[in-house]
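Enquirer: The following comprises the amino acid sequence and a computationally predicted model.
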Amino acid sequence: MKMYYVANVRFTDDSRKGAKQFTKEFLVEAVSITDAETTLTKALREEGTVLDFEVRGIRASRVEEVYAKPE
């Protein structure tokens, strides 16, 4: 059974002025925490992000279902 997980990811942007860190949250549909981390890491790498990132934590979400408007 698939569930939703909230993943906290810390990004590091190295510039001439020094390293700047910021955190973003992602909602990931997966069957386990391990699957959520794998799915998110793969997606971020395929997206081609040039920033260093680290998955800082993943927890189960209370979201049970997502309803989206048809495009």
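Expert: Now that the structure is in, tell me what you want to look at. Keep in mind that what you see is a predicted model, and the values were worked out from it rather than measured.

Enquirer: C-alpha only now, for contacts and for neighbours.
Expert: Noted.

Enquirer: Show me what the spatially most central residue of the chain bridges to in the sheet.
Expert: Geometric centre of the chain, nearest residue: Phe26, 4.1 Å, by C-alpha atoms, centre = their mean. Here Phe26 shows beta-bridge partners Ala7, assigned using DSSP bridges.

Enquirer: From Gly18, how far off is it?
Expert: Distance of Phe26 to Gly18, computed by C-alpha to C-alpha, to the nearest Å: 26 Å.

Enquirer: what sits against the residue nearest to the centre of the chain?
Expert: By C-alpha atoms under 8 Å, 6 or more residues apart in numbering, the contact list for Phe26 reads Val6, Ala7, Asn8, Val9.

Enquirer: quick one, what contacts the closest residue to Leu27 other than its chain neighbours?
Expert: Distance criterion C-alpha to C-alpha, 6 or more residues apart in numbering; nearest residue to Leu27, sequence neighbours excluded, is Val6 at 4.8 Å. Listed by C-alpha under 8 Å, 6+ apart, the contact set of Val6 reads Glu25, Phe26, Leu27, Val28, Ile58, Arg59, Ala60, Ser61.

Enquirer: Tell me the buried residues within those.
Expert: Leu27, Val28, Ile58, Ala60 (16 or more other C-alpha atoms under 10 Å).

Enquirer: wouldn't the first one be in contact with Val9 here?
Expert: No - because the distance of 11.1 Å does not satisfy C-alpha atoms under 8 Å, Leu27 is recorded as not touching Val9.

Enquirer: on that earlier part again, please flag which of the buried ones among the contacts of Val6 sit within helices.
Expert: Cross-referencing the buried ones among the contacts of Val6 against helices under DSSP state H gives no overlap.
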